[in-house]
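Novice: how would this look folded up:
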Amino acid sequence: MRITCPLCGSRDRREFTYYGDAVYADRPGADAGPEAWDDYLHLRDNPCGPTQDLWYHDACGAWLRVARDTATHAITATALLDASRGETGQ
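Specialist: Numbering: from 1, shown residues only. Model (predicted):
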């Protein structure tokens, strides 16, 4: 599988680390209660079909949102996470 890094171009998937569903980048706010943090940390969907994934490019340090079909592994789009929306992946 090849993933296109917006900064480096098409790369082998072994240069990336998979972090799960892209909602992981949408952390609860600092004032969120324990229930919100429990949901964020422990409740995950496992869909079959189109998803938005969070990947880290080990070579350049970029966090990516990858549109991918989990049934076929076909990648339809990649984009850098938007820091202006608080998407840091950390």
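Novice: Could you use CA atoms for every contact and neighbour count after this?
Specialist: Noted.
Novice: gap between the helix or strand bottoming out on mean pLDDT in the chain and the chain center?
Specialist: Across the helices and strands of the chain, mean confidence by mean pLDDT, DSSP states H and E is lowest for helix 34-42: a mean of 87. Distance, stretch centre to chain centre, for helix 34-42: 18 Å (CA atoms, centre = their mean, to the nearest Å).
Novice: go on, stretch 66-77?
Specialist: 12 Å.
Novice: buried ones in it?
Specialist: Residues Val66, Ala67, Arg68, Asp69, Thr70, Ile75 are the ones in stretch 66-77 that count as buried (16 or more other CA atoms under 10 Å).
Novice: biggest separation within these, which pair?
Specialist: Maximum pairwise distance among those (CA to CA): 11.3 Å, between Val66 and Thr70.
Novice: Give me the residues contacting the least confident helix or strand of the chain.
Specialist: Residues from elsewhere that reach helix 34-42 (CA atoms under 8 Å, 6 or more residues apart in numbering): Tyr24, Arg27, Pro28.
Novice: what residues are up against the last one?
Specialist: Contacts of Pro28 were listed using CA under 8 Å, 6+ apart, and they are Ala36, Trp37, Tyr40.
Novice: Drop anything exposed from the residues you listed.
Specialist: Buried members of the contacts of Pro28, scored by 16+ other CA under 10 Å, are Tyr40.
Novice: tell me, what residue is most central in this protein?
Specialist: By CA atoms, centre = their mean, the mean C-alpha position of the chain lies nearest to Leu54, the distance being 0.9 Å.
Novice: ok, back up a step: dump the buried residues of stretch 66-77 to CSV, plus secondary structure and distance to Gly49.
Specialist: CSV is the format used below for the buried residues of stretch 66-77 (DSSP: H, G, I helix; E, B strand; the rest coil; distance: CA to CA, whole Å):
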residue, secondary structure, distance to Gly49
Val66, strand, 13
Ala67, strand, 10
Arg68, strand, 8
Asp69, strand, 5
Thr70, coil, 5
Ile75, strand, 11
